[in-house]
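Asker: below are the sequence and a predicted model for it; my questions follow.
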Amino acid sequence: MPDIPSQPPVPPTNIPGRDGSDGTTTVERATQKTEPPRLYQVLLLNDDFTPMEFVVMVLQEYFRHDLDTATQIMLKIHHDGRGVCGVFSKDVAATKVELVLAAARRAGHPLQCIMEAA
């Protein structure tokens, strides 16, 4: 049998008592506080040129309101100058604003749609 050179043993570094510790490692977990995403309301603004029927169609098509609810929101916009179409996360609200503005421009209406923090 060939001779295998022996190496001196390497002393373990995690033996309790060797450096005054008990050989365990403590990991502290930082708790993260997450908040729900901020919500934004999408509003339509009244003007004297966009037909009421178009506003009702926008409310039904882009905000999924039924005919009665869309009509009530349209009348609120007409009487109060603005009305809330829905409340969404920031990205969804911004997308809906862009979609409504594009539809209004295609139809030749000056309808204004904005978003505000809810």
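Answerer: Structure's in. What do you need?
Asker: how about the strands in the protein?
Answerer: 39-45, 82-89, 112-117 (DSSP state E).
Asker: quick check, central residue of the protein?
Answerer: Centroid-nearest residue in the chain, with Cα atoms, centre = their mean: Ser89, separated by 3.9 Å.
Asker: for that one, which non-adjacent residue is spatially closest?
Answerer: Distances taken as Cβ to Cβ, 6 or more residues apart in numbering place Pro37 nearest to Ser89, at 4.8 Å, with adjacent residues excluded. Using the backbone N, CA and C atoms, a C-beta is placed for each residue, glycine as well.
Asker: again with Leu111
Answerer: Distance criterion Cβ to Cβ, 6+ apart; nearest residue to Leu111, sequence neighbours excluded, is Ala104 at 3.8 Å.
Asker: list the contacts of the closest residue to Asp66 other than its chain neighbours.
Answerer: Nearest residue to Asp66 in three dimensions, chain neighbours excluded: Gln60, at 7.4 Å (Cβ to Cβ, 6+ apart). Residues in contact with Gln60 (Cβ atoms under 8 Å, 6 or more residues apart in numbering) are Asp66, Leu67, Ala70.
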